[in-house]
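[1] Sequence and predicted structure below; questions after.
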Amino acid sequence: MSSSILSIGSSALAVAQAGLSTTSHNISNASTPGFSRQEIIQASSQAQATGAGYMGQGVQVTTVRRIYNDFLTRQLTDVQSSSSQLDSYQSNISKLNNLLADPASGLSPAMQDFFSGVNAVANNPANTASRQAMLSNAQSLVSRLQSMQNSFDAVRQGVESQMSASVDSINSYATQIAQINDAISKSELSNNGQTANDLRDQRDLLISDLNKEIKATVVRQDDGAYNVFVGNGQSLVIGNQASSLVTLRDPSDGNRLQIGFRLSGVTMRLNDSSISGGTLGGLLSFRTASMDAAQNTLGQIALGLAGSFNAQHHLGVDQNGIPGGDFFKIVQPTAIANSANGGSATLAVNISDYSALTTSDYQVAYDGSNYSITRLSDQTVQTASSLPASMDGIDFGLGSGSLAAGDTFLIRPTLNGAGSIGVAISDTRKIAAAAPISTNAPGSNLGSGKISAGSVDASYLGTPLSTPINLAYNLGSNTLSGFPLASVTVNSGGTLTTYAPGAPVAFVADASYSVNGMSFSLSGNPANGDQFSIAPNTSGTGDNRNALLLAGLQTQNVLGGGTTSFQTGYAQLTSQVGNKAREIQTSSLAQNKLLEQANAAVQGMSGVNLDEEAANLLRYQQAYQAAGKVMQIAGTLFDTLLSLGR
Amino acid sequence: MRISSIMMYNMAVARINDQQSALARTQQALSTGRRINVPSDDPIGAASALTVSGADAQNDQFTSNRSGAKSTLSEEDGILQGVTELIQNVQAAVITARNGTLSDKDRGFIAEDLRGQLDQLLGLANSKDGTGNYFFSGYQSQTAPFSATGSSAQYSGDSGSRRLQVAAGQQLAVGDSGQDVFQNIRSGNGTFTTSAVATNTGSGLVSAGSVVSPASLTRHDYQINFSVVAGVTTYSVLDSTTSTTLSSGNPYTSGNAISFDGLQFNVSGSPASGDQFKLAPSPNQSLFQTVSDLIKVLGTPATGVAGTASLHNGLTAVHSALDNALDNILTVRASVGSRLNQLDALDAVGSDLHLQYQQTLSSLQDTDYNAALSTFSQQQLSLEAAQKSFAKVMGLSLFTYL
């Protein structure tokens, strides 16, 4: 009898001990990441059947259970994945945000200074100091653009190195998960299907860590293993086998890093859009949605400014009396041949209309007979049977080599725009501040007719004036003769009249006359035989007409097909990045709250509460003491039996 | 709800972090004085601030353009003031020279003095501005506009006048071409000139004349031929452009108006038979030419009736040419003055605009100190509460009682 009491006491002692050790395990792991608290499940031992009924035989530990809820854990990893995506997006976009933020280092002041320099030349065209100021300010505008381009490039490189680091982490997690899968299957199999609590906790932690890098789907297997899938269902871990992600160069743009999936030696490219969630998802979406867009917009502003400035500069003459050349050097974009191209051809790309430039990239594809040019932002396709062809102000032409069917080329006209411009002139005399034509009404005229200073437009360059034109007025027929052999358009208060080449042109006071790209207006009452001359301007050192037009570009709507000024374009870029940064900030804040709640839910279920454990300690201590007492009584009982014989 | 110890710690730390970063943001707004420190603080505000400060800088640019324009125009006005005084001196000389008591020698002294005035005039017309540009050479600011030829001056500039952007969409000429100021001045009465033929022998003086009916003007050349038959003086009018005689045998009375084809003038004194007077549409005559003409007229000895008549006819022509020149200079000065006024008005608008831009910018991006300070103390209070409660809660543990 007393031996039974003793064994019952000892079973209670053992259970209390197990309880104490589980409690200590919990206390010691209170701050271990991923740890789920454990508890012992105790049950009464099989009772012994006696004539007086079933006699209890003490207690035993059935299992050590971890307090765990699969649903809550899944929810946590999901939220974790979105939250990390937003965090990585936010940390990168805040770099752009800061870059554009500073009023002193942004593009705005450099652009303003540059146009102040142009205004200085307009105010004092003959002064070398003003001209030098314009050149120096142009140089600092160019270096500001260059440094912004460098900063953008640095952010881009940062993104790509983070991508590589993230891929490395993903691969390391995948390997560890496969190993733990193996360890769990083996240990659970060898231990009558008792769950390997701590290993499972570790694996859940790894899954959570993996989700911080990339959104991963977990499929539970019957043998306790987890199969993990990423992207469009690429199997990252199957049982104890892990495959890997790799970074590779984009075939259509060798400068760009892409993600690939490698399974048993075969590598498959993953589209940027197929990877979502986690740091990697955040990096990829940042690169496409914000980085490319912002850099393209900056490039569009830089190229638009340089291109339109050059175009106006060509319409002037410099201090040597020579037509203006390029003010800004512009490196034309290159067409990147797809590395899979069968042909050897290169494309020659040239921007012909800077104001029509968009922020999109383009793809040129050859199908063996036709070329299709695709604007990648909205997938608009333009088909041409031969090159050169133009789209959005860009001329796509054939360079050297031969094309094979299926060849494609990627053109990113604006991506590096900010870094591709320089100042083309260093000689102050070469600033074309003067207009190419000068007009005069000789003093010998008897009437009161006057001729305006005159201006030229882009079409003037096709038929520049080489010898003076002398217009003579005939009172009898009220006509002007002496126009060059080209059609003349007279604009009188908005009414346009066009005269055929060589036909006498009716004189209309205050009307504007356009011929060969030159425009001027005549006013007053000329007398019969009065003359008006238009001559090439070769010595206008103090002429600032073209400088005024150059300065006027500052407020002119040049970009986006004549809808946006440079300043507005830059403001739009700032607000575009600022809005996105704010949006991400807000979502990230909300997502972090969700994460906190999900975490609280999991911790509420599985986390260790030290007070609770302290209570458990007391509970098991008391149970232990009580069990000891039972054994002591069993001993006393035995002593009582022994003393009976004395 | 069950709470894990680590969660309690984490959450408390997270809240303290939140409070601290909010406090840091408020502190940054207070210390920089700027509400928007990065575009994401207020993307729309940041973009508007960029646009507004761009517009403000543009406005500043116009202000500096205007101050350049003002100084150039004021200098030009000063020079034109000198020219005005010079013309008035020459006019006084003409009046002096009309005095019948003067001898050829006396007139020679006046002519000598006028040579000095002509040099001075040339000097004024070739003035340079502070940066070494000629005022009156049009676009060719490095070329001296006027150079003396034997009898007059030659213009080497062009007809341009430099314009400056003085406000959005408004350009203003900051100079006037020498051609307009000194060259293109109509001689005679502005429409036609009258002159006596050099071979006249009578004492006939012709007036400058005037236009009575602009619609009837023909712009033709005319010739008035006098003949004296038996003491009766008559004249005929010949249109030399069409070689038609308009009228003949008209009786002559000294000082009576002669008028035809919309114009009117008179001849006074006693023209001799065969004396001729000519009328022609006014050509342009430079101020230099006018002064040179005057010097020439004064330098020619007035011998006899014919000589005196020629002197007076010459002085009449110079007199009206000088009047026209003065009119022209005063017109240019009036235009300079009105441009200066316009600049003043634009300056007023510009400084108003600047103030408005500054106010808008300030409301867009400056910290509202009252609000920020009150937020700051509020956040400070919350942070202190969070910290204190954290310390208290963390001190609570059942283990302390075991």
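    Received the coordinates, thanks.

[2] need the contact list for B:P43.
    Applying CB atoms under 8 Å, 6 or more residues apart in numbering or on different chains, we find B:P43 in contact with A:574-575, A:578-579, A:581-582. Just so you know, the C-beta spots here come from the backbone N, C-alpha and C atoms, and that holds for glycine as well.

[3] among the residues you listed, which are within reach of chain B?
    Contacts with chain B within the contacts of B:P43, counted by CB under 8 Å from any CB of the partner chain: A:574-575, A:578-579, A:581-582.

[4] Which stretches in the stretch 101-250 of chain B count as helices?
    B:104-125, B:178 (DSSP state H, counting those that start in this stretch).

[5] What is the three-state secondary structure of the residue of the stretch 201-350 of chain A found nearest chain B?
    With CB to the nearest CB, the shortest gap between the stretch 201-350 of chain A and chain B falls at A:Q319, namely 9.0 Å. Taken by DSSP: H, G, I helix; E, B strand; the rest coil, the conformation at A:Q319 corresponds to coil.

[6] ok, the nearest residue to A:Q319 once chain neighbours are set aside - how many residues close by?
    Setting aside the residues directly before and after it, A:Q319 is nearest to A:R429 in space (CB to CB, 6 or more residues apart in numbering or on different chains), at 4.1 Å. Taking other CB atoms under 10 Å in any protein chain shown as the criterion, the count of residues near A:R429 is 13.

[7] Please apply the same query to B:Q91.
    B:Q91 has 17 neighbours, counted by other CB under 10 Å.

[8] Mind checking which of the contacts of B:P43 land in helices?
    Secondary structure from DSSP state H places A:574-575, A:578-579, A:581-582 of the contacts of B:P43 in helices.

[9] okay if I get these as JSON lines plus pLDDT?
    Converted to JSON lines, those look like this (pLDDT from 0 to 100):
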{"residue": "A:T574", "pLDDT": "88"}
{"residue": "A:S575", "pLDDT": "88"}
{"residue": "A:G578", "pLDDT": "89"}
{"residue": "A:N579", "pLDDT": "91"}
{"residue": "A:A581", "pLDDT": "91"}
{"residue": "A:R582", "pLDDT": "91"}
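
[10] For A:R66, name its beta-bridge partners.
    Each beta-bridge partner of A:R66 is listed here: A:Q38, as defined by DSSP bridges.

[11] Pretty sure it sits against A:D201.
    Yes - with contact defined as CB atoms under 8 Å, A:R66 reaches A:D201; the gap is 6.9 Å.

[12] Please list all residues in contact with the residue nearest to A:Q319.
    So, once contact is read as CB under 8 Å, 6+ apart, A:R429 ends up touching A:131, A:318-320.

[13] could you dump those to a markdown table with neighbour count and pLDDT?
    Compiled in a markdown table, the contacts of A:R429 are given as follows (neighbours: other CB atoms under 10 Å in any protein chain shown; pLDDT from 0 to 100):
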| residue | neighbour count | pLDDT |
| --- | --- | --- |
| A:R131 | 24 | 92 |
| A:D318 | 22 | 90 |
| A:Q319 | 22 | 88 |
| A:N320 | 12 | 87 |
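
[14] out of the helices of the stretch 101-250 of chain B, nearest to chain A?
    helix B:178 (11.1 Å).

[15] Give me the residues contacting the closest one.
    For helix B:178, the external contacting residues (CB under 8 Å, 6+ apart) are B:125, B:136-138, B:145-146, B:155, B:157.

[16] which residue sits closest to A:D223, ignoring its sequence neighbours?
    Taking CB to CB, 6+ apart, and ignoring the residues beside it in sequence, A:D223 has A:S185 as its nearest neighbour in space, at 5.1 Å.

[17] okay, now that neighbour: neighbour count?
    As a burial measure, the neighbour count of A:S185 was computed by other CB under 10 Å and equals 17.

[18] again, but for A:S151
    Based on other CB under 10 Å, the number of other residues close to A:S151 is 17.

[19] is it fair to say A:N445 lies in a helix?
    No - counting by three-state DSSP, A:N445 is not found in a helix; it is coil.

[20] Return the residues in contact with it.
    By CB under 8 Å, 6+ apart, A:N445 lies in contact with A:526-527, A:530-531, B:284.

[21] Among the residues you listed, name the buried ones.
    Taking 16 or more other CB atoms under 10 Å in any protein chain shown as the criterion, what is buried in the contacts of A:N445 is A:526, A:530-531, B:284.

[22] That'll do, ta.
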